[in-house]
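> Here is my input, please return the structure:
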Amino acid sequence: RDDKQENKKETNGDAKKRGVQKLTPEQEEIATMYGVMLETDWVQKEKFKKNFMKEFQRILRDKRQETQHQEIKDLDKCDFRAIYDWYQNKREEEKIKKKDPEYKKKIKLEKEEYDAKYGYALVDGVLEKVGNYKVEPPGLFRGRGEHP
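Model prediction:
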């Protein structure tokens, strides 16, 4: 998130002049979920776009948010390209890092630490290996198959 928010000094008025909306972290999270999907078939589906916009507008207009965006009404007028580009750059950086043996070793050690801490459970006095202790990250529901 820090990379995307590095232009914090820019005022909301400056951003609006360029057509950019300042989002709260919660709004930005939802926008990012959509933005990273730009080059997929999902964003071509009208039902998916309609459902996304309904939920996106809900958080954009939420009174509990520091900033509300009543003016955002049409998904086709929103440009998520900057988010998509940011995500692609992050993916490329991660690919490059994964080629480094030191980085691989660090990741492996972290995984072993997590496995040792969370990978086992005491059941009726017997130490049992847990099948999966990881939680899926939040994302947009995509469903399965073609539905109306």
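
> From Ile83, how far out is Tyr34?
Distance, Tyr34 to Ile83, using CB to CB, to the nearest Å: 8 Å. (Each C-beta comes from the backbone N, C-alpha and C, glycine too.)

> Neighbour count for these two, which is higher?
Tyr34 (22 against 19; other CB atoms under 10 Å).

> list the contacts for the more buried one?
By CB atoms under 8 Å, 6 or more residues apart in numbering, the residues touching Tyr34 are Val43, Phe52, Phe56, Phe80, Ile83, Leu140.

> and it, how far is that from Val123?
Counting by CB to CB, the gap from Tyr34 to Val123 is 41 Å.

> Which of the helices or strands spans the residue sitting nearest the centre point of the chain?
The residue lying closest to the centre of the chain (CA atoms, centre = their mean) is Met33, at 4.1 Å. Met33 belongs to helix 25-35 when assigned by DSSP states H and E.

> How about Lys22?
Per DSSP H and E, there is no helix or strand for Lys22.

> Report the rounded mean pLDDT for stretch 73-92.
Stretch 73-92 carries an average pLDDT of 93.

> buried set for that stretch?
Leu75, Cys78, Phe80, Ile83, Tyr84, Tyr87 (16 or more other CB atoms under 10 Å).

> out of everything not next to it in sequence, what's closest to the fifth one?
So that's Tyr84. Counting by CB to CB, 6 or more residues apart in numbering, Tyr84 lies nearest to Leu38, which is 4.4 Å off, once chain neighbours are set aside.

> And for the first one?
Using CB to CB, 6+ apart and skipping residues adjacent in sequence, the residue nearest Leu75 is Met53, 4.5 Å away.

> so what pLDDT did that neighbour get?
pLDDT, read off for Met53, is 94.

> what's the burial count for it?
18.

> helix or strand for it, which one?
Counting by DSSP H and E, Met53 is part of helix 46-60.

> Check which helices and strands that helix is in contact with.
Applying 3 or more CB pairs under 8 Å, 6 or more residues apart in numbering; DSSP states H and E, we find helix 46-60 packed against helix 25-35.
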